[in-house]
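[1] Please find the sequence and the predicted model below.
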Amino acid sequence: MNDLAVPEPREPDPGKSIRPAALVLPAVAEPPLTERRPWLERTAIVDAFSITGVKTPVYLTAAGVAITTTGIGKSDAATTVTALLASSEIDLSAAYVVSAGIAGGPPERIALGSVAIADAVVDWDRKHRWDRATDGNHETQADHEAQADHTVRPEPNEGSDDPDAGLDLLAYRPHDYVHDLEDALVNAACEAATDVSLRTDADAQAYQDRYPGAPEAGPAVERGPTVCGDEFWHGPRYAREVEWLCDAYGVSPYLTTQMEDAATATALERFDLRDRYLSVRAVANYDRAAPGQSVEESFDGNEASLALALDNAARVGGAIVDDLVESDPLEIRPENGV
């Protein structure tokens, strides 16, 4: 941050609310996942504010776009977004809200560095996960044998092609835990992203080529569901479970996975503002290892794919936000009659 020409945060003027035209929500400011940095580099930051309940400064651009981080995970995201929505120091009643950052993705479906505009946000954590190898509270003979020789018994569906044997939708489910985003806004975002020039990278492409069945082409702009969970899962077994959940909700196949957007969408929904929400995520890593690679080695992708995703997320996200501010597709500004 010291090398960026940004103002020091200050308290908002008493009795005067900040009224941005858009709010951009990267998750992280700290290296190496510096999702916020490209947004501060590409725009003229004219002011910065300390908002009660928000951990990092709210930066304001000359175009009236506010930028702050949510933090990693659903609790941080929900807390940050709720604090912003409930604050008298900032007024989001006429603002579009865009989560913009990096994500994981399935290698058979999307290229590294591609940017996915979500049309649905699935909550991965709202489900049942059953150990069907046990009968009620009674241990099986295999459990006793495993305990006797001090071995760790694998979970029942490990390596299985039938992960739904251990999964169910919640028995108490007043609604499906899927946020279907406003179609008109998603369409406008996809249109705004059409002419964006995405960066490519030879090292990221070489890493992508290690995955059989991965796209041969480089980054593109895609549209499809994103899955949000607090669990740092990785590997094909869990990917099959994620696919099962998306299938059960009728929104398969998923394109990206991340840790904040279901919480952000829920907070906005509570304030009746979810219709102006977008999730724009670039794929930094794949959700499983390449052949000959450990899950630990593959979890973060590599430096090239991370840098590529950070750049492309800001390129596409920036074009979308610029268009939203200029065109106001949902006519939410007071001067447009709302």
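    Yep, it's here. Numbering: from 1, shown residues only.
[2] Quick one: distance of the longest helix seen in the chain to the chain centre.
    Determined from DSSP state H, the single longest helix within the chain is helix 303-327. The chain centre lies 13 Å from the centre of helix 303-327; the measure is C-alpha atoms, centre = their mean, to the nearest Å.
[3] From here on, call the first residue 30.
    That works, and once the first residue is 30, the last one we named lands at helix 332-356.
[4] Tell me the spacing between Glu355 and Glu364.
    13 Å (C-beta to C-beta, to the nearest Å). Yep, even glycine has a C-beta here, placed from its N, CA and C like the rest.
[5] Compare the two and say which is more crowded by neighbours.
    Glu355 (11 against 8; other C-beta atoms under 10 Å).
[6] Return the distance of that one relative to Val225.
    Distance from Glu355 to Val225, by C-beta to C-beta: 15 Å.
[7] Can you mark which positions in the longest helix of the chain are buried?
    333-350, 352-354 (16 or more other C-beta atoms under 10 Å).
[8] Strands of this protein, residue ranges please.
    51-54, 74-78, 87-90, 94-96, 125-134, 144-146, 149-152, 157-158, 196-197, 207-209, 250-252, 255-257, 285-287, 306-315 (DSSP state E).
[9] Check which strands are paired with the first one and give the direction for each one.
    By that I understand strand 51-54. Applying DSSP bridges, strand 51-54 is found paired with strand 94-96 (parallel), strand 125-134 (parallel).
[10] One more: the third one?
    Paired neighbours of strand 87-90 in the sheet (DSSP bridges): strand 74-78 (antiparallel), strand 94-96 (antiparallel).
[11] Other residues contacting it?
    Residues outside strand 87-90 that contact it (C-beta atoms under 8 Å, 6 or more residues apart in numbering) are 35, 38, 47, 49, 68-69, 72-80, 95-97, 113, 119.
[12] Could I have the buried ones of those as PyMOL selection syntax?
    Only the buried entries of those go into this PyMOL selection, using 16+ other C-beta under 10 Å:
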select buried, resi 35+47+49+68+69+72+74+76+77+78+80+95+96+97+113+119
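[13] distance of Asn331 from Glu251?
    From Asn331 to Glu251 the distance is 21 Å (C-beta to C-beta).
[14] Can you tell me the centre-most residue of this protein?
    Gln287 (4.0 Å; C-alpha atoms, centre = their mean).
[15] My guess is that one contacts Gly130. True?
    Yes - using C-beta atoms under 8 Å, Gln287 makes contact with Gly130 at a distance of 7.3 Å.
[16] Touching both of these two, which residues are there?
    56, 310.
[17] if we can go back for a sec, summarise which helices and strands the longest helix of the chain is packed against.
    strand 51-54, helix 66-71, strand 125-134, strand 144-146, helix 212-221, helix 231-237, strand 306-315 (3 or more C-beta pairs under 8 Å, 6 or more residues apart in numbering; DSSP states H and E).
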